[in-house]
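[1] I need the structure of the sequence given here:
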Amino acid sequence: MYIVAALYHFTRFADPAALRGPLLALAEGEGVRGSLLLAPEGINGTIAGPRAGIDAVIAHIRALPGCAGLEWKESTAAEMPFGRMKVRLKREIVTMGQPAVDPRAAVGHYVQPQDWNALISAPDVVVIDTRNDYEVAIGTFEGAVDPGTRSFRDFPRWWQDNAHRFHNKRVAMFCTGGIRCEKSTNYLLSQGVEDVFHLKGGILKYLEDVPEMESLWRGDCFVFDGRVSLRHGLKQGDYDSCHACRRPVSPADKAHPSFEQGVSCPHCIGEYSDADRTRFRERERQMRLAVQRGERHLGRGQSGAPDAD
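    Presented below is the predicted three-dimensional model:
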């Protein structure tokens with residue numbers, strides 16, 4: 001059993017590059033895998049490993065400048081959900097492309113999971129899912145607005161085009177673990193929206209704390225690791241990941257004539273050329289050979305999904 005820790009923290013790192021080497025070395029030495037992003041605005045990512053390894057990495061991060069208040073969410077995985085450990089340097093830990101946005105200055109009102117149902121059921125509240133279209137497609141809150149964005153950087157443009165729809169409404173927003181709402185609520189406050197709320201701890205905390213019988217969540221929650229999706233109680237769902245387009249695929253998708261393991265799925269059947277598919281088939285063949293040799297191919301055991309941008 002592996003511990004999976006999802007974390008983020010906004011703080012000011014003067015030299016993120018200087019933090020990368022020691023963090024990567026510690027994680028690899030402790031048998032921890034996953035992906036962490038470092039940027040001048042802070043740290044974000046998901047890691048998995050043994051209990052002692054996760055504790056060591058978390059302790060290291062909390063000792064970084066301004067990170068003593070780091071919060072993280074834990075779940076478990078029967079198999080290691082990542083192929084390797086990556087610590088990458090980025091301009092933003094979640095890419096919105098709005099330089100003036102600063103969650104350290106102001107964010108919306110935090111709403112605890114046990115209070116979320118009452119808020120989003122109120123007639124004067126509009127509920128907005130800040131995640132990307134492929135995430136929303138497999139699960140969201142009942143009645144939530146889907147912006148249909150392919151990337152988080154598309155959200156400001158969507159808001160500018162649709163703000164008139166939500167005049168005189170209180171706005172409640174949510175995302176997987178909370179990080180995108182830190183930026184999106186700050187952005188809405190800068191746009192003059194007064195009553196802005198977001199789900200504390202994100203969907204993952206809601207699925208952990210709120211009993212399924214009382215839940216207003218419908219479907220699965222996409223996660224950025226090899227488990228692909230989680231359900232209530234943070235139990236792993238039935239989704240897999242298309243190794244061609246990296247979108248989540250359901251059992252029904254895998255039964256579709258356009259699905260070929262590692263090559264195509266119903267979502268991407270028209271997006272790649274024959275040359276691409278030839279390359280994908282060779283990659284899949286190499287993966288199978290690695291499994292037969294008892295080796296771990298980097299294409300296995302991790303979703304390959306994009307970051308939460």
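
[2] Domain ranges for this protein, per the record?
    Listed by automatic domain parsing, the domain ranges of the chain are 2-89, 109-219, 240-292.

[3] Export those as JSON lines, with columns for distance to residue 226, mean neighbour count and mean pLDDT.
    Any C-beta I mention is one placed from the backbone N, CA and C, and that applies to glycine too. Below are these laid out as JSON lines (distance: least, Cβ to Cβ, whole Å; neighbours: other Cβ atoms under 10 Å; pLDDT from 0 to 100):
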{"stretch": "domain 2-89", "distance to residue 226": "4", "mean neighbour count": "18", "mean pLDDT": "96"}
{"stretch": "domain 109-219", "distance to residue 226": "15", "mean neighbour count": "18", "mean pLDDT": "96"}
{"stretch": "domain 240-292", "distance to residue 226": "8", "mean neighbour count": "16", "mean pLDDT": "90"}
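
[4] now the residue nearest to residue 240 when sequence neighbours are not counted: how far from residue 120?
    Using Cβ to Cβ, 6 or more residues apart in numbering and skipping the chain neighbours, the partner closest in space to residue 240 is residue 249 (5.3 Å). Distance from residue 249 to residue 120, counting by Cβ to Cβ, to the nearest Å: 29 Å.

[5] So which residues of the stretch 151-300 of the chain form strands?
    Secondary structure of the stretch 151-300 of the chain (DSSP state E, counting those that start in this stretch): strands at 170-174, 196-199, 217-219, 221-222, 229-230, 240-241, 248-249.

[6] Need those in TSV (columns: distance to residue 77).
    Compiled in TSV, those are given as follows (distance: least, Cβ to Cβ, whole Å):
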stretch	distance to residue 77
strand 170-174	23
strand 196-199	23
strand 217-219	20
strand 221-222	15
strand 229-230	10
strand 240-241	14
strand 248-249	16
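
[7] for these, which one sits closest to residue 33?
    Among these, strand 240-241 comes nearest to residue 33, with 16.4 Å by Cβ to Cβ.

[8] So what are the sheet partners of the closest one and their directions?
    Taking DSSP bridges as the criterion, strand 240-241 sits next to strand 248-249 (antiparallel) in its sheet.

[9] And the contacts of stretch 88-103?
    8, 10, 16-17, 20, 35-44, 151-153, 155-156, 179-180, 182-187, 190, 307-309 (Cβ atoms under 8 Å, 6 or more residues apart in numbering).

[10] Verify the stated contact: residue 239 with residue 135.
    No - with contact defined as Cβ atoms under 8 Å, residue 239 does not reach residue 135; the gap is 11.1 Å.

[11] which helices and strands sit right next to the helix or strand hosting residue 127?
    Taking DSSP states H and E as the definition, residue 127 sits inside strand 125-129. Applying 3 or more Cβ pairs under 8 Å, 6 or more residues apart in numbering; DSSP states H and E, we find strand 125-129 packed against strand 139-141, strand 170-174.

[12] following that strand, which helix or strand comes up?
    Strand 125-129 is succeeded, C-terminally, by helix 133-136 (DSSP H and E).

[13] CA atoms of that next one as PDB?
    Below are the C-alpha coordinates for helix 133-136, written out as PDB (Å, rounded to 0.1, in the frame of the first residue of the first chain):
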ATOM      1  CA  ASP A 133     -13.400  19.700 -20.000                       C
ATOM      2  CA  TYR A 134     -11.900  16.200 -19.900                       C
ATOM      3  CA  GLU A 135     -12.100  16.300 -16.100                       C
ATOM      4  CA  VAL A 136     -15.700  17.600 -15.900                       C
END
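
[14] now it, how far from the centre of its chain.
    Helix 133-136 sits 11 Å away from the centroid of its parent chain (Cα atoms, centre = their mean, to the nearest Å).

[15] Contacts for that helix next, please.
    129, 144, 146, 148-150, 176, 222, 247-248, 267.

[16] ok, which pair from those residues is furthest apart?
    144 and 267 (21.0 Å).

[17] about what we covered before: distance to residue 4 for the contacts of helix 133-136 - can I get that in TSV?
    Shown next, in TSV, are the contacts of helix 133-136 (distance: Cβ to Cβ, whole Å):
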residue	distance to residue 4
129	23
144	25
146	27
148	29
149	26
150	26
176	13
222	14
247	21
248	17
267	26
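
[18] Mark which of those residues are part of helices, please.
    Counting by DSSP state H, the contacts of helix 133-136 place none of their members in helices.

[19] out of these, who's nearest residue 277?
    Closest to residue 277, out of all of these and judged by Cβ to Cβ, is residue 267, at 14.5 Å.

[20] shouldn't the closest one be in contact with residue 245?
    Yes - the pair residue 267 / residue 245 is scored as a contact, 5.9 Å apart, by Cβ under 8 Å.
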